[in-house]
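In: Build the 3D model from these lines:
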Amino acid sequence: MAYGQHRSPFDTAHGYTYQDVLAASERINWRVEDLIGGDRRLDFTKPFMPEALARTEALTFLTPRERLTLNQIRGYEYLCIFGLVEEFILPFVLDHARPHLDENDWRTRAFLQFASEEAKHIHLFKRFRDEFQKDFGTTVDVIGPPAEIAKAVLAHDALAVAILILHIEWMTQQHYLHSVKEDHNLDPLFKSMLRHHWMEEAQHAKLDTLMVEALAAGRSEDAIMAAMAEYLEIGAMIDGGLQAQMDFNLDGLHRATGRNCEPLSPTERDEIAMVQWQAMRWTYIGSGMTHPKFVQTLTTLTPKAADMVAGVAPAFC
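Out: So this is what the prediction gives:
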């Protein structure tokens, strides 16, 4: 096998190599400045998120304009949540690459490219957040601060964190290919951002697969399952954060729609909260847990890992 074509010691059916992933990443090569800024502005007459993720249209006691506003708040939330997770992905990838810089040039270059792209994504999401805040007309609070969340995540077993990152990368593939790509009603600028993010994350998912398998190599099944338990602990922390963000979203909706004269009833607010929290759970947790490629990697580590996730995933779907 040629140098740079090193494969995982686990299941090689996926065929991912550092050299191939690096080559694909270098072909993509887009810039933040090409996607946002200047005369490129968000169109607030259009939804930002596909209905499969936003789940706003069933809330028929809201007016069409209110449902559109909530959809756009969900888009802002998406920018914030992904900006937040990139904040712990970036240092984790660098820490994973650093101890092995002299072992495989393709591996080193692939992971440094990965880190560079994650830094670009942080910048991308910040730029879109700035554009949203400039034109939306009111504030929407977000969970954080990112540094504290990153610290809490990175305190866990490295394998648990790598599994979480793999979950996130495959999650973005699910979002774009199954919800965003064929939705022609979305704001073209926001959709372009989602598309370009997906393009690079498609390569990151492959590198994450190799990273998970490398971190699991040599571990006993019990040690792998202990890491899986920590992955679920992080997931529970994220779920709590999503519930807090859902409350921020509803407060933002109240401010943005000016419902001071006719506020939502407690029953209406409870219904929005129930629908939206489950929508967020699917967006950030369920869609990653159930992705076939994610399940395949867990099964490769040990079928018990896939079974563990299969047992909890329905709650997030």
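In: Under the pLDDT cut-off, which ranges of the stretch 201-317 of the chain? List them.
Out: 260-261 (pLDDT under 70).
In: Helices along that one, start to end?
Out: Along the stretch 201-317 of the chain, counting by DSSP state H, counting those that start in this stretch, helices occupy 221-257, 266-281, 287-289, 292-301, 303-312.
In: Against which helices or strands is the first one packed?
Out: Using 3 or more CB pairs under 8 Å, 6 or more residues apart in numbering; DSSP states H and E as the contact definition, the elements that helix 221-257 packs against are helix 64-97, helix 146-154, helix 158-175, helix 266-281, helix 303-312. (Glycine included, C-beta is placed from N, CA and C.)
In: So what's the model's average confidence on the shortest one?
Out: Spelled out, it's helix 146-154. The pLDDT scores in helix 146-154 average 95.
In: Equivalent analysis for the first one, please.
Out: In this model, helix 64-97 has a mean pLDDT of 95.
In: ok, then the element right after it?
Out: Next along the chain after helix 64-97, taking DSSP states H and E as the criterion, comes helix 105-136.
In: from the chain's centre, how far out does that following helix sit?
Out: 13 Å (CA atoms, centre = their mean, to the nearest Å).
In: Determine which residue lies closest to the centroid of the chain.
Out: I168 (4.6 Å; CA atoms, centre = their mean).
In: now that residue, nearest residue through space, not along the chain?
Out: With sequence-adjacent residues excluded and distances taken as CB to CB, 6 or more residues apart in numbering, I168 is closest to V85, at 5.8 Å.
In: One more: F88?
Out: Nearest to F88 is A150, by CB to CB, 6+ apart, at 3.7 Å.
In: Check M280 too.
Out: L242 (4.5 Å).
In: quick revisit: could you dump the helices of the stretch 201-317 of the chain to a markdown table with distance to G15 and mean neighbour count?
Out: What follows is the helices of the stretch 201-317 of the chain, written out as a markdown table (distance: least, CB to CB, whole Å; neighbours: other CB atoms under 10 Å):
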| stretch | distance to G15 | mean neighbour count |
| --- | --- | --- |
| helix 221-257 | 23 | 17 |
| helix 266-281 | 33 | 16 |
| helix 287-289 | 22 | 25 |
| helix 292-301 | 12 | 20 |
| helix 303-312 | 20 | 15 |
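In: between those helices, which one is nearest to E213?
Out: E213 lies closest to helix 292-301 among the helices of the stretch 201-317 of the chain, at 7.2 Å (CB to CB).
In: Give the other helices and strands that the closest one contacts.
Out: helix 158-175, helix 188-216, helix 303-312.
In: Can you give the distance from the helix or strand harbouring D20 to the centre of its chain?
Out: Assigned by DSSP H and E, D20 belongs to helix 18-28. Computed by CA atoms, centre = their mean, the chain-centroid distance of helix 18-28 equals 21 Å.
In: before we move on, what about stretch 284-292?
Out: Using CA atoms, centre = their mean, the offset of stretch 284-292 from its chain centre is 10 Å.
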